[in-house]
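Peer 1: Below is the sequence, then the predicted model.
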Amino acid sequence: MTAFRYRAAAASGRIVRGALSATSEAGAAAALEARGLAPLALEPDGPGLRWSRPSRRDLAIAFRSLAALVGAGAPLAGALAATERLPQHPELRAALAEARRLLHEGRSLGSALGASPDVVPPVCLGVLRAGERAGRLGAALEQVATQLEQDAELASRIRQALAYPLVLAASGVASIAVIALVIVPRFAALLADLGQELPPATRLLLTLSSLTQRFGAGLLAACGLGLAALVAWRRTPAGRERWDELLLDLPVVGPLRHRLAAARFCRAFGSLLTAGVPLLGALEGGADASGDSALSARLMRARTRIAEGAPVAESLDTERVLPVAPLQLLAVGESSAQLGPMAARAADLAAADAERALRALVSLLEPALVLLFGAIVTFVAAALLQAAYSLRPGG
């Protein structure tokens with residue numbers, strides 16, 4: 001017997017957490033379903049090694065292949081066998097091979113994929129399990145593939161938008177480091193041998209270069225230790241929530257981060273609702289998918305209000321979960337009994353808003369970096385030229 005931790009949704013929408021013992025994950029899922037619970041997350045109760053997770057792009061390719069093959073009438077085991085060769089990530093290939101083996105033992109697809117930890121996101125497994133219970137596995141595979149493709153596309157656009165500013169910042173810092181640690185010290189040695197009075201700008205430059213050489217290594221070490229301490233604190237639940245809350249309150253970064261997390265939540269929330277997961281279970285699954293612990297905490301407070309009978313849109317508004325436009329779409333969906341489809345549209349709207357905000361930020365960041373590094377190089381050049389002119393006869 002193996003101990004499993006589970007999180008499941010009751011028919012009323014109440015989320016139940018606990019542990020049970022079973023011979024396999026399929027047996028644990030069957031035991032939960034016999035109790036009238038819909039498994040949302042199911043994993044062995046014990047420590048394990050965590051390898052790097054496959055990207056959303058790899059997952060999207062795999063699930064799109066499964067959706068196309070199953071939709072064309074191929075047997076599920078055959079679809080898995082054909083899909084195994086597509087992913088480049090070894091963990092995903094191994095998970096698909098293991099899932100095919102477990103299918104032959106009688107497990108469902110959601111249970112078979114869930115047997116490989118940290119490969120398929122729990123929200124995707126929840127959609128698959130809900131689709132299998134409703135006899136709509138093909139539609140569930142389509143939903144998971146579409147959700148993963150949209151997440152991967154959004155992440156790709158964000159990386160493309162940030163690529164040039166990051167390269168510009170890295171090259172600028174490297175150039176300043178070479179100037180401060182290599183070029184200026186050589187001029188300093190030359191000017192010291194001459195023993196003449198130097199202009200104020202040159203003295204300031206030489207002082208800054210000397211301080212960088214003397215204390216630069218210690219400052220870098222202190223920054224490294226501080227960063228390590230920050231990362232360790234952020235890994236704690238309280239630290240992660242507090243850090244994410246601080247980021248959400250920042251003037252420029254906060255709204256952008258809020259829109260991105262809102263897009264992830266709405267997309268997962270809509271997929272779970274469409275797959276047949278109860279409202280409260282879909283809210284919790286969406287909170288897990290948001291990727292922001294502060295927003296997740298707000299969602300769980302809103303979920304408590306909704307469980308007490310409050311409207312969904314009103315509760316999300318009270319806890320400041322969503323920006324205005326996606327919230328209005330959810331309110332329309334709630335009033336028209338189309339909450340799942342409207343949540344998907346709200347995700348697209350939040351993602352588009354986030355991308356526009358990011359591009360606007362990048363359009364300001366690029367010239368700001370150029371001006372900053374240009375000003376530093378200009379100051380260095382002017383200080384050295386002043387020193388050179390001051391050394392001329394009669395200078």
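Peer 2: Here it is on my side, so go on. Numbering: from 1, shown residues only.
Peer 1: doesn't Pro39 fall inside a helix?
Peer 2: No - read with DSSP: H, G, I helix; E, B strand; the rest coil, Pro39 is strand and lies in no helix.
Peer 1: Output the longest helix belonging to the chain.
Peer 2: Identified as the longest helix of the chain according to DSSP state H is helix 339-390.
Peer 1: I'd like to know which elements it is packed against.
Peer 2: Helices and strands touching helix 339-390, as assessed by 3 or more CB pairs under 8 Å, 6 or more residues apart in numbering; DSSP states H and E, comprise helix 137-178, helix 184-194, helix 200-234, helix 253-275, helix 324-335. Every C-beta, even on glycine, is put in place using the N, C-alpha and C of the backbone.
Peer 1: now the angle between helix 253-275 and it, please.
Peer 2: Angle of helix 339-390 versus helix 253-275, following axes from the mean of the first three to the mean of the last three CA atoms, to 10 degrees, is 160 degrees.
Peer 1: Next, please give the residue ranges for the strands of the stretch 1-150 of the chain.
Peer 2: Remark: strands assigned in the stretch 1-150 of the chain by DSSP state E, counting those that start in this stretch are 2-10, 15-22, 37-44.
Peer 1: so who does the residue nearest to the spatial centre of the chain touch?
Peer 2: The centre of the chain sits closest to Gly291, judged by CA atoms, centre = their mean, with a distance of 5.3 Å. Neighbouring residues of Gly291 by CB atoms under 8 Å, 6 or more residues apart in numbering: Leu260, Ala261, Arg264.
Peer 1: need the contact list for the second one.
Peer 2: Spelled out, it's Ala261. Ser290, Gly291, Asp292, Leu295.
Peer 1: Please report phi then psi for the second one.
Peer 2: Dihedral angles phi and psi of Gly291 (degrees, to the nearest 10) take the values phi 70, psi 10.
Peer 1: Could you do the first one as well?
Peer 2: Backbone dihedrals for Ser290, given as degrees, to the nearest 10, come out at phi -70, psi -30.
Peer 1: again, but for the third one
Peer 2: The phi and psi torsions at Asp292 (degrees, to the nearest 10) take the values phi -140, psi 110.
Peer 1: List the contacts of it.
Peer 2: Here Asp292 is in contact with Asp244, Leu248, Arg257, Ala261 (criterion: CB under 8 Å, 6+ apart).
Peer 1: hang on, isn't the second one packed against Leu295?
Peer 2: The one in question is Leu248. Yes - using CB atoms under 8 Å, Leu248 is in contact with Leu295, at 7.1 Å.
Peer 1: who touches both of these two?
Peer 2: The contact lists of Leu248 and Leu295 share His258, where a contact means CB under 8 Å, 6+ apart.
Peer 1: how many other residues sit next to Gly126?
Peer 2: The burial count assigned to Gly126 is 32, neighbours taken as other CB atoms under 10 Å.
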